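Peer 1: With the input below, show me the fold.
(chains A, B, C and D)
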2 protein chains.
Amino acid sequence: MSTAKASRTGSGESGASGSSYHHGNLREALIAEGLALAAEGGLEAVSIREVARRVGVSPAAPFRHFPDKVALMTAVAEEAMARFQVEIAAALARETSDDPIRRIRAIGKAFLDWARRNPTHFEIISSRRAIDFAGSASLGADNARIQAQMVSLLEEAGRRGLLRVDDPQLIQITGRALVYGLARMLIDGQFSSWGVAEDEAEDVMERSLDLFLAGLLKHPVTEERS
Amino acid sequence: MSTAKASRTGSGESGASGSSYHHGNLREALIAEGLALAAEGGLEAVSIREVARRVGVSPAAPFRHFPDKVALMTAVAEEAMARFQVEIAAALARETSDDPIRRIRAIGKAFLDWARRNPTHFEIISSRRAIDFAGSASLGADNARIQAQMVSLLEEAGRRGLLRVDDPQLIQITGRALVYGLARMLIDGQFSSWGVAEDEAEDVMERSLDLFLAGLLKHPVTEERS
DNA sequence: ACCGAATGTAATCGTTGATTACATCCTGAG
DNA sequence: CTCAGGATGTAATCAACGATTACATTCGGT
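Peer 2: Next comes the predicted model:
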């Protein structure tokens, strides 16, 4: 809305150096709107023009902050990844047990929950077409952190003699592929093609994760789910 | 659906001679070119105009055979799926053992091999955005056939007392998610972000599959990969 | 108070998907 | 053989997109 465009200057935050002149800070507004637009209508609903339209600037304005669409989408992906990291950290904090398997499970479940609640954020992080993964330091660092956490937990599990196979890298990649595949199947609506109703999906995904983790254990716990 | 158009092109020869009326059979040519175009430059490289340009017709000509782009892409997906089915059948034929686990493994490996060699064909089959899965009878039927094969094999494995968990549906979905995730990770170039070189990918994927399958077994065979 | 630089705008280009009115060609009834 | 009618392809056009360029505005240090 807001036909009067220049009226939003500054009144909120950033009073110190007066960082807002024309729009406030267009860059962050574009990223936020891109994220929202992606969440609403999917990845291909995000266009430079539509984002600009919503923020209330001209179609060319975003190009002052991003050289092309890929750069904008990459920034959006960085924001999405940052939120995902917060989610992972929170899940790990909630899981008070020091059993590495339980902590791994917590990470996997957090991944699945996050992907289910933020399908397009997950999608944009995964897409190597829409974003420039290699050109973003933060995306690589965030990725490496998750990988390191997983491998560390798996090594601990190996040290405790819990695992049937002692290959943290392989287990980590396999687990990643599993949750990645589950998330994508959910998002792509493939569960309905495979005989899983929408409201069963969450439960199925969790049981899939448990099925995989149980298969890793040397001494499966035969724990009955209530 | 119009089966009439293809029938009238029975002769099919007469190639370059102008005797053919307009094009011969544009519909099939468009699908073939769409498949080729996807294989060359990825899914986004497929556009109605480009396909028409390659076939040598006007940009509007394809719309005589497909109401919109989704319909064309769906037809391309059907063709890709048909080829994939052939691959699966061939792999099952090659696997002479009647051990259900080995046959399941053969299906999984065929899936991975096919996705690795035809990344975009895999992608277009998976994409629920570019294609109209629900509107295609053959896609649903092909999907159901694979699912039925897998469940049948898993039931047989259960009958033989091989499995630790007797839930064919869950195992099937988990396995599907795993190979789906592996294939997508490879295509998206994520392996390189996770410490797996390009030429190691095939081996890693196969070992992931084996890791998962071994976890299903009640009496895991002692590691003996040649 | 001013001038340079950062920021946003307007106009424009080439491409895409899609629609419409029109032209062409085959088929088959008479 | 002819000619109506339907199937097939074309030309012209539209709106939306990403992207580039030249220009205008506003900030902010000196």
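Peer 1: Could I get the contacting residues of residue A:141?
Peer 2: Under the criterion of Cβ atoms under 8 Å, 6 or more residues apart in numbering or on different chains, residue A:141 has no neighbours. In this view, the C-beta of every residue, glycine as well, is placed from N, C-alpha and C.
Peer 1: cool, and residue A:51?
Peer 2: By Cβ under 8 Å, 6+ apart, the contact list for residue A:51 reads A:30, A:33, A:34, A:37, A:62, A:72.
Peer 1: and which of these is nearest chain B?
Peer 2: residue A:37 (15.5 Å; Cβ to the nearest Cβ).
Peer 1: Can you classify that closest one as helix, strand or coil?
Peer 2: helix (DSSP: H, G, I helix; E, B strand; the rest coil).
Peer 1: Let me know how buried it is, in neighbour terms.
Peer 2: Neighbour count of residue A:37, defined by other Cβ atoms under 10 Å in any protein chain shown: 19.
Peer 1: which residues touch the one helix or strand in chain A whose mean pLDDT sits lowest?
Peer 2: The weakest-scoring helix or strand in chain A, judged by mean pLDDT, DSSP states H and E, is helix A:190-193 (a mean of 85). Residues from elsewhere that reach helix A:190-193, judged by Cβ under 8 Å, 6+ apart: A:184-185, A:197-198, A:200-201, A:204, B:126, B:128, B:133, B:140, B:143, B:173.
Peer 1: Run the chain-centre distance for it.
Peer 2: Mean-position distance between helix A:190-193 and its chain equals 22 Å (Cα atoms, centre = their mean, to the nearest Å).
Peer 1: Residue A:176 touches residue B:181, doesn't it?
Peer 2: Yes: at 7.4 Å, residue A:176 counts as touching residue B:181 under the criterion of Cβ atoms under 8 Å.
Peer 1: of those two, who's got more company?
Peer 2: residue B:181 (25 against 21).
Peer 1: Excluding chain neighbours, what is closest to that one?
Peer 2: residue A:181 (2.7 Å; Cβ to Cβ, 6 or more residues apart in numbering or on different chains).
Peer 1: From residue B:173, how far off is that neighbour?
Peer 2: To residue B:173, residue A:181 is 10 Å away according to Cβ to Cβ, to the nearest Å.
Peer 1: Please see if the longest helix anywhere in chain A touches chain B.
Peer 2: Longest helix in chain A by number of residues (criterion: DSSP state H): helix A:69-94. No: contact of helix A:69-94 with chain B (Cβ under 8 Å from any Cβ of the partner chain) is absent, the minimum separation being 12.1 Å.
Peer 1: tell me what that helix is packed against?
Peer 2: helix A:26-41, helix A:48-55, helix A:100-117, helix A:119-126, helix A:137-159 (3 or more Cβ pairs under 8 Å, 6 or more residues apart in numbering or on different chains; DSSP states H and E).
Peer 1: In a markdown table: those, plus mean pLDDT.
Peer 2: A markdown table is the format used below for the helices and strands packed on helix A:69-94 (pLDDT from 0 to 100):
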| stretch | mean pLDDT |
| --- | --- |
| helix A:26-41 | 93 |
| helix A:48-55 | 94 |
| helix A:100-117 | 97 |
| helix A:119-126 | 93 |
| helix A:137-159 | 95 |
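Peer 1: Can you lay out the ones you listed as CSV showing distance to DNA strand C?
Peer 2: Formatted as CSV, the helices and strands packed on helix A:69-94 follow (distance: least, Cβ to the nearest atom of the strand, whole Å):
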stretch, distance to DNA strand C
helix A:26-41, 4
helix A:48-55, 7
helix A:100-117, 28
helix A:119-126, 20
helix A:137-159, 20
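Peer 1: Name the stretch among those helices that sits most buried.
Peer 2: With neighbours taken as mean count of other Cβ atoms under 10 Å in any protein chain shown, the helices and strands packed on helix A:69-94 reach their highest mean count in helix A:119-126, at a mean of 22.
Peer 1: now the angle between helix A:26-41 and it, please.
Peer 2: Interaxial angle, helix A:119-126 versus helix A:26-41 (axes from the mean of the first three to the mean of the last three Cα atoms, to 10 degrees): 120 degrees.
Peer 1: Show me what helix A:119-126 is packed against.
Peer 2: Secondary-structure packing of helix A:119-126 (3+ Cβ pairs under 8 Å, 6+ apart): helix A:26-41, helix A:69-94, helix A:100-117, helix A:168-187.
Peer 1: Try it again at 6 Å.
Peer 2: When contacts are defined as 3 or more Cβ pairs under 6 Å, 6 or more residues apart in numbering or on different chains; DSSP states H and E, helix A:119-126 packs onto helix A:26-41, helix A:69-94.
Peer 1: Say whether DNA strand D is contacted by the last one.
Peer 2: Yes: counting by Cβ under 7 Å from any atom of the strand, contacts between helix A:69-94 and DNA strand D involve A:69, A:70.
Peer 1: Does DNA strand C have contacts with that helix?
Peer 2: No: if you take Cβ under 7 Å from any atom of the strand as the test, helix A:69-94 misses DNA strand C, and the best it gets is 11.6 Å.
Peer 1: From the rest of the structure, what touches stretch A:33-50?
Peer 2: A:51, A:54, A:55, A:59, A:62, A:69, A:76, A:79, A:120, A:123, A:124 (Cβ atoms under 6 Å, 6 or more residues apart in numbering or on different chains).
Peer 1: Is it correct that residue A:195 falls within a helix?
Peer 2: No: using three-state DSSP, the assignment for residue A:195 is coil, not a helix.
Peer 1: okay, now it: neighbour count?
Peer 2: Residue A:195 has 14 neighbours, counted by other Cβ under 10 Å.
Peer 1: Report pLDDT for it.
Peer 2: Listed pLDDT for residue A:195 reads 83.
Peer 1: got a list of what it touches?
Peer 2: Counting by Cβ under 6 Å, 6+ apart, residue A:195 has no contacts.
Peer 1: Could I get the pLDDT score of the residue lying closest to residue A:145 once chain neighbours are set aside?
Peer 2: In space, and not counting its chain neighbours, residue A:145 is closest to residue A:85: 7.3 Å by Cβ to Cβ, 6+ apart. Note for residue A:85: predicted pLDDT of 96.
Peer 1: so what are the domain limits for chain A?
Peer 2: Chain A breaks down by automatic domain parsing into domains covering A:19-64, A:69-216.
Peer 1: from the chain's centre, how far out does the longest one sit?
Peer 2: From the chain centre to the centre of domain A:69-216 is a distance of 8 Å (Cα atoms, centre = their mean).
Peer 1: Surely residue A:58 is within a strand?
Peer 2: No: secondary structure assignment places residue A:58 outside any strand; it is coil (three-state DSSP).
Peer 1: ok, and the closest non-adjacent residue to it?
Peer 2: residue A:52 (6.5 Å).
Peer 1: Verify the contact between the one you found and residue A:64 for me.
Peer 2: No: between residue A:52 and residue A:64 there is no contact, the gap being 10.8 Å when judged by Cβ atoms under 6 Å.
Peer 1: And residue A:33, how far from residue B:55?
Peer 2: 40 Å.
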